[in-house]
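Peer 1: Here is my input; please provide its structure:
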Amino acid sequence: MKLQSRSRDEPEINVISLVDVLLVLVLFFMVSTSFLRDTEISLQLPEATTEAEIVVPDEMLEITITQAGGYLVNGRELVNSERRTLRLAIERVAGERRDWPVFIRADAAATHQAVVTAMDVAGQLGFVKLNIATVTPPEAQAQ
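Peer 2: Okay, the predicted model is just below:
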């Protein structure tokens, strides 16, 4: 008795289903990803200068941050360090003027949060000319 051997078919992988699944995954990740960053503060970073004398305008807003995190607006100390108090003090000093430059002077030991809060409040009020006051160390001046 002679048996016929069956022809063996080569097994194949159906990639059409795999492509469909991958396409659905790609679409899911594209739709679920957020491309917006709403909490950023846009700044124009200052450039270093070699000028020895800096001209300070007559009308300006100066926010000083103490080591303890307290605020002074144009030399007048605020009763507390809350955002609302800082906002009201800035509005009282500047009135409707939003073209004044804002100078932020912070103690070296002041927290980063206190500086960012001052910048954020000034930015929310519409001030765009933010300056951060610094001191050049004596060893850097000699070079």
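Peer 1: For this structure, just list every one of the helices.
Peer 2: For the chain, the helices defined by DSSP state H occupy 15-32, 83-94, 112-124, 138-141.
Peer 1: Gly126 against Asp99, yeah?
Peer 2: No - between Gly126 and Asp99 there is no contact under C-beta atoms under 8 Å: 9.2 Å. (C-beta placed from N, C-alpha, C; glycine too.)
Peer 1: among the helices of the chain, which is nearest Gly69?
Peer 2: Gly69 sits nearest to helix 112-124 of all the helices of the chain, at 4.6 Å, using C-beta to C-beta.
Peer 1: helices and strands of this structure: which one bottoms out on pLDDT?
Peer 2: Within the chain, no helix or strand scores below helix 138-141, which has a mean of 60 by mean pLDDT, DSSP states H and E.
Peer 1: residue contacts, the residue nearest to Gly126 when sequence neighbours are not counted?
Peer 2: Spatial nearest neighbour of Gly126, chain neighbours left out: Arg98 (4.1 Å); criterion: C-beta to C-beta, 6 or more residues apart in numbering. Arg98 sits next to Leu125, Gly126, Phe127, Val128 when contact means C-beta atoms under 8 Å, 6 or more residues apart in numbering.
Peer 1: Okay, Arg84 and Gln124: tell me how far apart.
Peer 2: According to C-beta to C-beta, to the nearest Å, Arg84 stands 12 Å off from Gln124.
Peer 1: Those two: who's more crowded?
Peer 2: Gln124 (12 against 9; other C-beta atoms under 10 Å).
Peer 1: Perfect, that will be all.
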